[in-house]
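[1] Build me a model from this:
(one chain, ligands or ions: 1)
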Amino acid sequence: METLKMYINGKWLESSNGESINVKNPSSGEIIASIPRGTTEDVDAAVQVAKTTFRSEAWRSVKPHERGEILFSIAEKLKADRDELARLETIDVGKPLSQGYADIDAAIRYFRFYGGAADKVMGDTIPIEDGLIDYVVREPVGVTAHIVPWNYPIQIISRSVAAAIATGNTVVVKSAEDTPMSAMRLTQFFDELDIPVGVFNHVTGYGYEVGAALSGHPSVNHVTFTGSVQTGIAVGQAATANVVPVTLELGGKSPNIVFADCDVDNTVDGVVNAIIQNAGQTCSAGSRLLVEESFKDEFLGKVVERFKGLTVGAGIQDKDVGPILNEKQFNRVMEFVELAKEEGKILAGGNQVTVEGFEGGFYLEPTIIDAVIPDSKLAQEEIFGPVLTVFTFKDTAESLELANSTDYGLVTGIWTSDISRAHYLASRIDSGQVFINNYGAGGGIQMPFGGYKKSGFGREKGWIALYNYTVVKNVAVRYN
Ligand code: NAD
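    Model (predicted):
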């Protein structure tokens, strides 16, 4: 068991009150580390140094391409320790090892992508009149806060921190109390670099303490929050009270819309992978299957068959499906499964699994629930487990109505060989990303990602996310 410290002002520190939080391996329930239970004072110290550093000549004088080099160095360090980090992410989050590798590879790509972007974020000139030059510059916003959920820690920290540093900001990360391990390694990588002290800070602790203090801190200039809708609303309110902008990446209830004219094998793969990845504990999980009524028996039969062949095991065993994070999350998922016994029909799974040698973990058979009523809790709420809910539609219009029938709008998959229908649906669906005959598109580092409706606002990933961390200034110059 490791005793870890947080990182403020270039120093490794315990909590100012000396308290700590234990971190568990979800696959076994074993305690693997302890982290400091940060306080409001710790948050204040981190924000103050981030503010001082942001205003310092030491940081201002670092050229954009040199900021890019910082990010490239982090990418190199991630790559050099790829095996160890994939294992660490797997032990900390419970995800199958191959998914741990995928997450590290995505993190490396974020640092490279935004490293390359650092000296390419340009402004504009605007024609006004003769004798006047008008130009627009994008300046860094200042101190950026990054509040991270437990399900994809290294990916989610990397995507926003890299974009914020590329554009010249300083950073305070609040990692997830359940899964802080890869964030700690990333922090060590920043500590090893020769960069001004205070550019990168990492405060650990509970959301209602450290997260709340950070999102409401008056010297923070932008908050990036990824997590649940309920917490996102609280974070948004706290930041808005200081007139501070937020990017909110929240939950989802994403549909895969399957038509009879799809490529069946490709679609079965897409639909199954979209819900079992990270045991369904994914914001963009394809948790609703909408299938054309005339095609239901044939298609669902294949999906059920595939589900029954899926393997369940500890992250390190690299089976198809790993554990649920902890007992609390497991019980929450089981409430939905119990509800399904009354309101729906379970076609596969639905039972707890004991994994030999890992009896302390909470595992669920991948589960399919049919006959779900469209406006029910099962149909509307994020389950956050390996649970697929099934609905049928008669035609394109009804598929659209069902797809748009929840409060969420993060991702949609459309599976059809009718390109006209696919484009029509893509234009009408309330969803931040639409995938046609695929789902996920290679990790999507370059593609804007974010929600419609209660899935959030603002966009992460891709070029557009750089603008979250800049503020526009217009300068008008009169000359003779
Ligand atoms: P959560 O909202 O419980 O916690 C997210 C983070 O916020 C954690 O670090 C937590 O400590 C902190 N927090 C908790 N209370 C806080 C408060 N009052 N003020 C400030 N911070 C606080 O979410 P979770 O359970 O860790 O993650 C699961 C949720 O995240 C799901 O809803 C999932 O869909 C969503 N998610 C969204 C994306 C996306 O990019 N859209 C990605 C991953 C996860």
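
[2] ok, then the element right after the strand or helix carrying Ile157?
    Element membership of Ile157, judged by DSSP states H and E, is helix 153-166. Next in sequence after helix 153-166, counting helices and strands by DSSP H and E, comes strand 170-174.

[3] Pull out the buried residues from that following strand.
    170-174 (16 or more other CB atoms under 10 Å). (C-beta placed from N, C-alpha, C; glycine too.)

[4] now swap in stretch 250-267 and tell me
    For stretch 250-267, a neighbour-count test (16+ other CB under 10 Å) marks 250-259, 262, 267 as buried.

[5] likewise stretch 121-132?
    Val121.

[6] ok, Gly100 - how many residues close by?
    29 (other CB atoms under 10 Å).

[7] That one belongs to a strand?
    No: secondary structure of Gly100 (DSSP: H, G, I helix; E, B strand; the rest coil): helix, not part of a strand.

[8] The helix or strand containing Val333 - contacts with which helices or strands?
    Using DSSP H and E, Val333 sits in helix 327-343. Packed against helix 327-343, as judged by 3 or more CB pairs under 8 Å, 6 or more residues apart in numbering; DSSP states H and E, are the following elements: strand 363-364, strand 367-370, helix 377-380, strand 387-393.

[9] before we move on, back to that, generate CSV for the buried residues of stretch 250-267, with pLDDT and distance to Val229 as supplementary columns.
    Shown next, in CSV, are the buried residues of stretch 250-267 (pLDDT from 0 to 100; distance: CB to CB, whole Å):
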residue, pLDDT, distance to Val229
Leu250, 97, 5
Gly251, 95, 5
Gly252, 97, 10
Lys253, 98, 11
Ser254, 98, 14
Pro255, 98, 18
Asn256, 98, 22
Ile257, 98, 23
Val258, 98, 27
Phe259, 98, 30
Cys262, 98, 31
Thr267, 98, 29
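
[10] Between the residues you listed, which sits nearest the ligand?
    Using CB to the nearest ligand atom, Gly251 comes nearest to the ligand of the buried residues of stretch 250-267, at 3.3 Å.

[11] In terms of pLDDT, where does the residue nearest to the spatial centre of the chain sit?
    Closest to where the C-alpha atoms of the chain average out (CA atoms, centre = their mean) is Ile156, at 4.8 Å. Looking at Ile156, its pLDDT is 98.

[12] Would you mind confirming that it makes contact with Thr226?
    Yes: between Ile156 and Thr226 there is a contact at 5.1 Å, judged by CB atoms under 8 Å.

[13] Need the residues touching each of those two.
    Shared contacts of Ile156 and Thr226 (CB atoms under 8 Å, 6 or more residues apart in numbering): 148-149, 249.

[14] of the residues you listed, list those near the ligand.
    Filtering the shared contacts of Ile156 and Thr226 for proximity to the ligand (criterion: CB under 6 Å from any ligand atom) leaves 148-149, 249.

[15] bridging residues for Phe362?
    Beta bridges link Phe362 to Ile324 when assigned by DSSP bridges.

[16] how many neighbours does it have?
    Counted by other CB under 10 Å, the residues lying close to Phe362 total 24.

[17] Quick one: residues contacting it.
    26, 323-327, 329-330, 352 are the contacts of Phe362 under CB under 8 Å, 6+ apart.

[18] Am I right that Leu347 falls within a strand?
    Yes: counting by three-state DSSP, Leu347 is found in a strand.

[19] Which residue is the nearest non-sequential neighbour of it?
    Setting aside the residues directly before and after it, Leu347 is nearest to Ile368 in space (CB to CB, 6 or more residues apart in numbering), at 4.4 Å.

[20] what ranges of the stretch 251-400 of the chain fall below the confidence cut-off?
    Across the stretch 251-400 of the chain, nothing is flagged by pLDDT under 70.

[21] Write out the residues of it neighbouring the ligand.
    251-252, 283, 382.

[22] before we move on, back to that, by neighbour count, which of the ones next to the ligand among the shared contacts of Ile156 and Thr226 wins?
    Ranking those using other CB under 10 Å puts Glu249 first, with 27 neighbours.

[23] SS state for the closest residue to Phe200 other than its chain neighbours?
    Closest residue to Phe200 apart from its sequence neighbours, by CB to CB, 6+ apart: Phe190 at 4.1 Å. Recorded secondary structure, Phe190: helix (three-state DSSP).

[24] From Met184, how far out is Phe190?
    For Phe190, the distance to Met184 (CB to CB, to the nearest Å) stands at 11 Å.

[25] And Ala260, by the same measure?
    From Ala260 to Met184 the distance is 50 Å (CB to CB).

[26] Same question for Tyr467.
    Separation of Tyr467 from Met184 (CB to CB) stands at 29 Å.

[27] The two - which one has more neighbours?
    Neighbour comparison, Tyr467 and Met184: the larger count goes to Met184, with 23 against 15 (by other CB under 10 Å).
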